[in-house]
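1. Quick one, structure for this:
(2 chains)
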Amino acid sequence: MKRLLSLLLVLVMVLSACTGGTTPPTSETPGTPETPDTSEEKPEDVEEGGKYAAEQVYKTVYAEEIQTINYLTTTTNVEFALAANLVDTLVDYDMYGVLQPALAESWESSEDGLTWTFHLRKGVKWLDFEGTEVAETTAHDFVDAAKYLLTPENESATANLFYSVIKNAEEYFNGDITDFSQVGVKAEDDYTLVYTLIKPTPYFESMLTYVCFFPAYGPFLEEMGDQFGTTNSALLYNGGYILSEFEPQMHRILIKNPKYWDADNIHITELNYKYNKEATSLAGEMYKRGEISDVEIPAASIDEWMNNPELKNQVRPSILGTYTYFYAINFDPKFDAQYEPENWKIAVNNPNFRKSLVSAINRVAAMQTQEPYDPEYRIINTITPPNYASQGGVDYTQMEPLKAITEGEFFSKEKALEYKDKAVEELTAAGAKFPVKILMPYNTNITSWANEAQVVKQQLETTLGTDYVEVTLLPHAPTGFLDGTRRAGNYSMMQVNWGPDYADPQTYTDPFERGFNYNFPEYTTDVTEDGQNIFEAYEALVNEAKAEVKDLVRRYELFAQAEAMLIENSFIMPYCVSGGGYMASKVHPFEAPYSSFGISAERWKGQKLLAKPMNMEEFEIAQKEWQAAREEALKEAAKK
Amino acid sequence: MKYILTRLSRSLLTLVIVVTVVFLLMRMMPIEGYFGASFDKLDEAQKMAKLNNLGLLDPWYIQLKNFYTDILKGDFGESITYRPKVAITKILGDKLITSLRFGLASLAVSLVVGLGMGILMARFKGKFWDKLGTVYVVGANAVPAVIYYLLIQVYFTNIFNLPLLYSKTDSKSWILPILCLSLVNIAYYAMWIRRYMVDELNKDYVRLARAKGLKNKDIMVKHVMRNAFVPMVQYLPASILYTVSGSIYVESLFSIPGTGGLLVTAIQRQDNTLVQALVLLYSSIGIVGLMLGDILMAAFDPRIKLSQEGGSR
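-> Below is the predicted model:
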């Protein structure tokens, strides 16, 4: 057998050599730009006690191919992560999350907070993918990009974020006005850009780091038409890197932009991404062979890494994300009659019933299906994650009354049973039937979710008893998943998630807005102690908070009160943040620009590759150092 | 000739039906799919703008009419979600060639090795070589391909110092994918040619030839081989053409930018234009492949006539 195989191999080699002859020799790709010889200009501090690697080239494999590099239309993470390194924004964040000048050297806002004037840096060049200078970046590029964004034919997925703050932008998008000069974005001269807002927006600066506020060179946009951003030659670059090669389902290579205005802070000279659909199964092997710089370790093979002393020393946690996950409790059930939606409606409007559910779920145990080693790392007690927003040097989740919630814990068997007893009494009087049927959908494409749903079902039924609740799991295919479940109101209780749109706690209130399709809280009939409908009370608080644009500390406190209201009344159960898991990586996790929102955190600016990867202990030390330094930096910035 | 013409028109009708059905089915998918993860973040105006641009708000018969007029003009349109705004022909062009190249190389290997092996097995029926070959055939069919693809990829690259992933410029990286693609096909060809040859060997004309004192080699090559090959010839054109559809596993594992799994991805992402183009392409290939197979078989074996008059089938 072995002989036969080796024989075959030889044959295959010979044959493939023959077929090789038929390939045109042009595969050397003449279009490839001359990669500037960066090997000689090593950043000075790279040798720093051997802490950093001598060769600053980052290599990785990825399984999810980007669909477009047109940053003016996309909203997907992988796509704007790429764009962040190719095109710069007006402002940026440093590694502690403090706002810094970028394309704008300075800026000021008017007394009423409606007019923002930006003074642009001179001499920032647009380059093409071969590194040839095309033009200078001017204020007009922001105006032209905005015009492109607000043209419905271009199908920009971020246009709504832009027109939610900029004056007359929505009217232009909808065709109510056709004169673009009325839209609140103007270039007073080449280096002065003015935005006019609809209403004072305290978080406007953070929005400027989002893709809808990116510049694009106008004449080039026009020349490219709808082909803008379809290939690397249909894009211009003024950021830290140039996309020198881009072949979908093959690879992409980013090389350092030698003419970048802040080139001194670009230490990694080349970013090399190779596509592989099975990257999750191959990356580990490739990392061990030294072919790639980092690997996310899938939950299935984490034990294998942790049991090998040499590999264990290279494993560290991954950084947390900003998507929030929570269990939504549905107030407008639209499911099949066999699951008794009317009965659920009675039950869900009883506070003791809702609280009994939330108290019965052990979230740490549920999280073990995803994070066997440190399940608590990702658990959060609030909807807005910690480290997301801060005001006056205090983190939002540390403001009252959220502080008490952040430090507490919902899970308690005793309390669950207490609530149950009360609920049984009250609900029997209200005419509800027991057991109450609970419909809980999950996406069949996500294995950990299927496991988690099983765990939660078991927890509810064993703690509260099957005479009280009966959980039915509803497996749903990934196609049309949300349309068939959450958005249709086809669930009683369900794990859902929400990603922020700007750096302000307001962004986490959006799913609970009247008419939105999360858990339809506006249908509640439950009332507060003084007889007001809970949702109306909540809505009033949120509106008050939204209107508070001067005293930002007060604004945050109002949002904190509103958020606490949803949690204390068990309208939802906070669960966890995105991210987490484990990785082995030569990348320093705390040197990247930090921002809870926007694309700054995706930039490679300021980062260096380590000579050897961090382990758990080193990660923890580095994290503490970073957290302390961040608090200092935030206080320092608050003083200004 | 008349036969070919009627066959062609019937094929065309099938093609139109298949493509129309797929076209209509795609229109019945939930609109959520066109927006992917950003659906919740968009407002109504944005969603309508996109659907309008795609022409999805027109009645279905108008959409169908537009689709066929475009096709007749040779315009396959632009991708919607897979790579928005990129022409379908541009996306498919490179991919088809890549898959075709690998497919043909593997087909050549499979045919040469597989037929050689099958002939050897038939000749030494019941002996050591036959048994060894049977072990391989059974093994290749019984063990799920994904498993040994992965083993081959990980171990062979280590042992022979070959690159893990495909590279356009490095011909060494082509060896393992071709090997993987060929393994099952070799077994397939070996199994069938052995079977047909063994069948033929038991027939009277072979006995007669033996009795007449022909050399074993001559009987094998001039008669048995030729007869045994006829049933296989029918499938050959289709196999060649089908190589453009690529291989899901091998292409994913080795990062080959071919067409493997493209149809599945396109359907998942609801890229209507891409799905339509692929369905059109694959169904045409299927139809043409079968037709060529029949013609080729008739050419190979004069006893077979395409029209009914011959009636010797």
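2. For the nearest residue to A:Arg555 once chain neighbours are set aside, give me its contacts.
-> Counting by Cβ to Cβ, 6 or more residues apart in numbering or on different chains, A:Arg555 lies nearest to A:Glu548, which is 4.1 Å off, once chain neighbours are set aside. The way it works is simple: take the backbone N, C-alpha and C, and place the C-beta from them, glycine included. By Cβ atoms under 8 Å, 6 or more residues apart in numbering or on different chains, the contact set of A:Glu548 is A:Arg554, A:Arg555, A:Leu558.
3. A:Tyr172 touches A:Val183, doesn't it?
-> Yes: between A:Tyr172 and A:Val183 there is a contact under Cβ atoms under 8 Å: 5.1 Å.
4. circling back to that earlier point, out of the contacts of A:Glu548, flag the one nearest to A:Leu82.
-> Nearest to A:Leu82 among the contacts of A:Glu548 is A:Arg555, at 34.0 Å by Cβ to Cβ.
5. what about the closest one, how many neighbours?
-> A:Arg555 has 22 neighbours, counted by other Cβ atoms under 10 Å in any protein chain shown.
6. Show me which residues of the helix or strand harbouring it are buried.
-> Using DSSP states H and E, A:Arg555 sits in helix A:552-568. Residues A:555-567 are the ones in helix A:552-568 that count as buried (16 or more other Cβ atoms under 10 Å in any protein chain shown).
7. looking only at pLDDT, what's the mean for that helix?
-> What helix A:552-568 shows for mean pLDDT is 94.
8. Equivalent analysis for stretch A:521-528, please.
-> Here the average pLDDT along stretch A:521-528 is 92.
9. one step back: what's the helix holding A:Arg555 packed up against?
-> strand A:390-391, helix A:402-407, helix A:534-547, strand A:572-579 (3 or more Cβ pairs under 8 Å, 6 or more residues apart in numbering or on different chains; DSSP states H and E).
10. Run the angle between that helix and helix A:534-547 for me.
-> Between helix A:552-568 and helix A:534-547, the angle comes out at 160 degrees (axes from the mean of the first three to the mean of the last three Cα atoms, to 10 degrees).
11. From B:Tyr155, how far off is B:Leu100?
-> Note on B:Leu100: its distance to B:Tyr155, by Cβ to Cβ, to the nearest Å, is 28 Å.
12. So those two - more neighbours on which side?
-> B:Leu100 (18 against 11).
13. could I get stretch B:38-55 in CSV with only the CA atoms?
-> What follows is stretch B:38-55, C-alpha atoms only, in CSV (Å, rounded to 0.1, in the frame of the first residue of the first chain):
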residue,chain,number,x,y,z
SER,B,38,-26.6,44.7,8.7
PHE,B,39,-30.4,44.1,8.4
ASP,B,40,-31.2,45.4,11.9
LYS,B,41,-29.1,48.5,11.4
LEU,B,42,-30.9,49.7,8.3
ASP,B,43,-34.0,51.8,8.1
GLU,B,44,-36.9,51.2,5.7
ALA,B,45,-35.7,53.8,3.2
GLN,B,46,-32.3,52.1,2.8
LYS,B,47,-33.9,48.7,2.4
MET,B,48,-36.3,49.9,-0.2
ALA,B,49,-33.5,51.7,-2.1
LYS,B,50,-31.5,48.5,-2.3
LEU,B,51,-34.4,46.3,-3.3
ASN,B,52,-35.4,48.8,-5.9
ASN,B,53,-31.9,48.9,-7.3
LEU,B,54,-31.9,45.2,-7.6
GLY,B,55,-35.2,45.3,-9.5
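14. Show me what the mean pLDDT comes to for it.
-> So the average pLDDT for stretch B:38-55 ends up being 83.
15. likewise stretch A:83-91?
-> 95.
16. list the buried ones in stretch A:265-284?
-> Neighbour-count burial for stretch A:265-284 [16+ other Cβ under 10 Å]: A:266-284.
17. restrict those to contacts with chain B.
-> Among the buried residues of stretch A:265-284, proximity to chain B is found for A:Lys274, A:Tyr275, A:Asn276, A:Lys277, A:Glu278, A:Ser281, A:Leu282 (Cβ under 8 Å from any Cβ of the partner chain).
18. what sits against the second one?
-> By Cβ under 8 Å, 6+ apart, the contact list for A:Tyr275 reads A:Val61, A:Tyr62, A:Ala63, A:Glu65, A:Pro248, A:Gln249, A:Met250, A:His251, B:Ser255, B:Pro257.
19. next helix or strand past the host helix or strand of A:Phe353?
-> Here A:Phe353 sits within helix A:351-360, counting by DSSP H and E. Using DSSP H and E, the next helix or strand after helix A:351-360 towards the C-terminus is helix A:363-367.
20. neighbouring contacts of that following helix?
-> A:375-376, A:378-379, A:410-411, A:452, A:455-456, A:459, A:573, A:575-576.
21. Please list which of those residues are also close to chain B.
-> Answer for those near chain B: none qualify (Cβ under 8 Å from any Cβ).
22. got the buried residues for stretch A:504-514?
-> For stretch A:504-514, by 16+ other Cβ under 10 Å, it's A:Asp504, A:Pro505, A:Gln506, A:Thr507, A:Tyr508, A:Thr509, A:Pro511, A:Phe512.
23. for those residues, which one is nearest B:Arg269?
-> Of those, the one sitting nearest to B:Arg269 (Cβ to Cβ) turns out to be A:Pro511, at 25.1 Å.
24. Surely that closest one is within a strand?
-> No: counting by DSSP: H, G, I helix; E, B strand; the rest coil, A:Pro511 is not part of a strand but helix.
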